[in-house]
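Participant: coords please:
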Amino acid sequence: KSAKSSRADALSLNVFAALLSALKGLTDGRAGPNAPPCLLGMDDVKKTTVQLIVNSLTSTSPMLRCAGAECLGRTAQVIADPRTTAELAQASFDKLKSARDVASRTGHSLALGCLHRYVGGLGSAQHLNTSISILLALAHDHASPQVQVWSLHALYLMADSGGPMFRGYVEPTLSLALKLLLSVPHSHVDVHQCVGKVLTAIITT
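Facilitator: You can find the predicted model right below:
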């Protein structure tokens, strides 16, 4: 059973690697004046692609969750539709407000970070505010260092790509970083490293 699960995960990772490559190609191809219309704009293709990606965000495989979050951000970038991006973000908001399992919390946290990374603040100050508020709360979850690591990394992606839009959130983010540095055990090296990445992004914002 374990071997079968490993094969399934490996197959899924190959699928998402191919999807990521295709999405990147679509993004690069749209730069030209004679670029063809994006097939992801077709409702059936878009719906199938998004459903496949969203399902991966709650996978038991961390690598698959990472790949899924990256694909979600790239998909929003390719579709380039504010309404679709808002729907994707809202779906993660709703999931994070109700989910208690580590897989869902980590996967959807990173999804928000990737959406902001590739779609530039989601084009909405309200979405940015909601995303950061949720991630700050998740980063305080001392019961799960894994959730802290993923939410901090998502916060880093937002700070690193947000530019001036993130400046209004520097103070609460610094406050979080200080609290974590003082309260998280030194044995949780990953958490401390992620705090360092967040601080680095803030300095250059």
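Participant: Run through the chain and note the low-pLDDT ranges.
Facilitator: For the chain, the stretches flagged by pLDDT under 70 are 1-4, 29-42, 121-124.
Participant: And the lengthiest helix in it, what's buried?
Facilitator: Longest helix in the chain by number of residues (criterion: DSSP state H): helix 2-29. For helix 2-29, the neighbour count (16 or more other C-beta atoms under 10 Å) marks 12-13, 16, 19-20, 22-23, 26 as buried. Glycine gets a C-beta too; all of them are placed from N, C-alpha and C.
Participant: helix or strand right after that helix?
Facilitator: helix 43-56 (DSSP states H and E).
Participant: any residues touching that next one, and which ones?
Facilitator: 12, 16, 19, 39-40, 64-65, 67-68, 71-72, 75, 79, 84, 88, 91, 107 (C-beta atoms under 8 Å, 6 or more residues apart in numbering).
Participant: if we can go back for a sec, report the angle between the longest helix of the chain and helix 43-56.
Facilitator: Helix 2-29 and helix 43-56 are oriented at 130 degrees to each other (axes from the mean of the first three to the mean of the last three C-alpha atoms, to 10 degrees).
Participant: Tell me the gap between helix 2-29 and the middle of its chain.
Facilitator: Averaging C-alpha positions (C-alpha atoms, centre = their mean, to the nearest Å) puts helix 2-29 17 Å from its chain's average.
Participant: helices or strands next to that helix in the packing?
Facilitator: helix 43-56, helix 62-79 (3 or more C-beta pairs under 8 Å, 6 or more residues apart in numbering; DSSP states H and E).
Participant: So which of the ones you listed is nearest residue 151?
Facilitator: helix 62-79 (12.2 Å; C-beta to C-beta).
Participant: Can I get the buried residues of helix 2-29 in a markdown table including distance to residue 148?
Facilitator: Shown next, in a markdown table, are the buried residues of helix 2-29 (distance: C-beta to C-beta, whole Å):
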| residue | distance to residue 148 |
| --- | --- |
| 12 | 26 |
| 13 | 25 |
| 16 | 25 |
| 19 | 29 |
| 20 | 26 |
| 22 | 33 |
| 23 | 29 |
| 26 | 34 |
